[in-house]
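*Asks:* fold the following for me, if possible:
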Amino acid sequence: MMIGMPRIARSFAFIVTGLLVLAPSVTSAQTYPSRPIRVLHGFSAGGAADALARIVSDGLSKRLGQPVVVEAKPGAGGNIAAATVANAAPDGYTLGLVTGAHAISGALYKTLAYNPTDSFEMVSTLVYYALVIAVRADYPAKNLPDLIAMAKQKPNELSFGSVGFGSTHHLAGELLNTTAGIKMVHIPYRGDAPSVTSLLGGDVPVIVGTTVLLAGQIESGAIRGLAVTSPARTPLLPNVPSADEAGLKGYDVRTWAGLVVPKGTPADIVKRLNTEVASMLADPAVKKALETATGGEVRGSTPEDMRLLVRSEITKWSKVIDEAKIARIE
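*Replies:* Now for the predicted structure:
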């Protein structure tokens, strides 16, 4: 089309064309966001993920100058919400709050309606938090070595409860089995509350629970925390040793939460979101709120580091699933 055009005219045309190609990116950086944003998560309203999402939505709304609305789409361990985010328009107006369950799904399910890494642009991690291995106060095991010794004497006779099949809590218990060389049988419940009720009622001797939800009963003496699942103690349970302190070397289970957007979201929008998340996490009030909600450690990341985290977690949990001989879900 440019045959016969003077050289100067052709050069000008190329410059204009280049500017037009760059224009959408420049425009998105200058105008985003211009309307409300939604944050989806895949768990029940009122739960830990919902609390995290609401803290994050408030912090981002103040920084982005637009309402950020939380929407819960519970079901299938967060898979329904993740699929909704993956299929949303890649324009920065749909964010997903994902947890450690996001990577577990990648390891546990044979097929998903999305790819846990490739269907998303990662924004940033938000917080890491440990779980706690706990028994009723009158249970004979006074510490983690006691429990392991009892389980070795009675393979397949002791059981442990969790918030559900395929949860981080469940696989934390399976990793305890393989790391300690024991075999406790998993009993799934529908959430923390039923598992705690079952523990207190004597229906199950051990549970792997959420620290923030068990802290009150551990402090009151109704439940004994044998160990937290992180390498170091958590400030929420300062008197409960870490698994490493209790002699279980190499055992480390910390779930996490982070933000994702659909694949193809413009890089400048991802960068803007990452910058605002970093600013939000540096705010002492937000940091305290997140730590209080999870009993964990606030820690942001680059998008690249979050992608590496998800990939490494999928590899880790795939190994645990294989060693525990857990049948993968179709």
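*Asks:* for the residue most central in space within the chain, which non-adjacent residue is closest in space?
*Replies:* Geometric centre of the chain, nearest residue: Thr99, 1.6 Å, by C-alpha atoms, centre = their mean. Taking C-beta to C-beta, 6 or more residues apart in numbering as the measure, Thr99 lies nearest to Ala257, with 5.0 Å between them; neighbours along the chain are not counted. The way it works is simple: take the backbone N, C-alpha and C, and place the C-beta from them, glycine included.
*Asks:* same question for Leu108.
*Replies:* The spatial neighbour of Leu108 that comes closest, neighbours along the chain excluded (C-beta to C-beta, 6+ apart), is Gly166 at 5.0 Å.
*Asks:* go on, Arg136?
*Replies:* The shortest distance from Arg136 to any residue other than its chain neighbours is 5.8 Å, reached at Leu199 (C-beta to C-beta, 6+ apart).
*Asks:* tell me if the residue nearest to Leu108 really is in a strand.
*Replies:* No: residue state for Gly166 (DSSP: H, G, I helix; E, B strand; the rest coil) corresponds to coil; a strand is not indicated.
*Asks:* which parts of the stretch 1-150 of the chain are helices?
*Replies:* Here the stretch 1-150 of the chain has its helices, by DSSP state H, counting those that start in this stretch, at 7-31, 48-64, 79-86, 100-108, 144-153.
*Asks:* quick one: low-confidence parts of the chain?
*Replies:* The model of the chain has pLDDT under 70 over residues 1-29.
*Asks:* what's near enough to touch Gly96?
*Replies:* Under the criterion of C-beta atoms under 8 Å, 6 or more residues apart in numbering, the contact partners of Gly96 comprise 39-41, 81-82, 84-85, 120, 259-261.
*Asks:* what's opposite it in the beta bridge?
*Replies:* Here Gly96 sits in beta bridges with Leu40, Val260, as judged by DSSP bridges.
*Asks:* how far away is it from Leu40?
*Replies:* Here the distance between Gly96 and Leu40 works out to 5 Å (C-beta to C-beta, to the nearest Å).
*Asks:* what sits in contact with each of these two?
*Replies:* Where contact means C-beta under 8 Å, 6+ apart, the residues bridging Gly96 and Leu40 through contact with each are 81, 84-85.
*Asks:* let's verify Val208: helix, strand, or coil?
*Replies:* At Val208 the chain is in strand, as set by three-state DSSP.
*Asks:* can you name the residues that contact it?
*Replies:* Residues counted as contacts of Val208 (C-beta under 8 Å, 6+ apart) are 131-134, 160-162, 169-170, 172-173, 176, 229.
*Asks:* for Lys154, same thing?
*Replies:* When contacts are counted by C-beta under 8 Å, 6+ apart, Lys154 is found next to no other residue.
*Asks:* please apply the same query to Val261.
*Replies:* 85, 90, 92, 94-96, 120-121, 123, 269-270, 273.
*Asks:* from those, which land in strands?
*Replies:* Among these, the residues falling in strands (DSSP state E) are 94-96, 120-121, 123.
*Asks:* thinking again about what came up before, now do the one helix or strand the residue nearest to Arg136 maps to and strand 206-210, the angle between them.
*Replies:* Assigned by DSSP states H and E, Leu199 belongs to helix 192-200. With axes from the mean of the first three to the mean of the last three C-alpha atoms, to 10 degrees as the basis, helix 192-200 and strand 206-210 are set at 150 degrees to each other.
*Asks:* what helices or strands is helix 192-200 leaning on?
*Replies:* Helix 192-200 sits against strand 120-136, strand 159-162, strand 206-210, helix 211-220, strand 223-228, with contacts defined as 3 or more C-beta pairs under 8 Å, 6 or more residues apart in numbering; DSSP states H and E.
*Asks:* again, 7 Å this time
*Replies:* If you count contacts as 3 or more C-beta pairs under 7 Å, 6 or more residues apart in numbering; DSSP states H and E, helix 192-200 packs onto strand 159-162, strand 206-210.
*Asks:* I'd say Gly296 and Thr125 touch.
*Replies:* No: with contact defined as C-beta atoms under 7 Å, Gly296 does not count as touching Thr125 (11.0 Å).
*Asks:* circling back to that earlier point, report the buried members of the shared contacts of Gly96 and Leu40.
*Replies:* Neighbour-count burial within these applies to 81, 84-85; the criterion is 16 or more other C-beta atoms under 10 Å.
*Asks:* could you export the residues you listed as CSV, including distance to Arg224?
*Replies:* Compiled in CSV, the buried ones among the shared contacts of Gly96 and Leu40 are given as follows (distance: C-beta to C-beta, whole Å):
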residue, distance to Arg224
Ala81, 35
Thr84, 41
Val85, 40
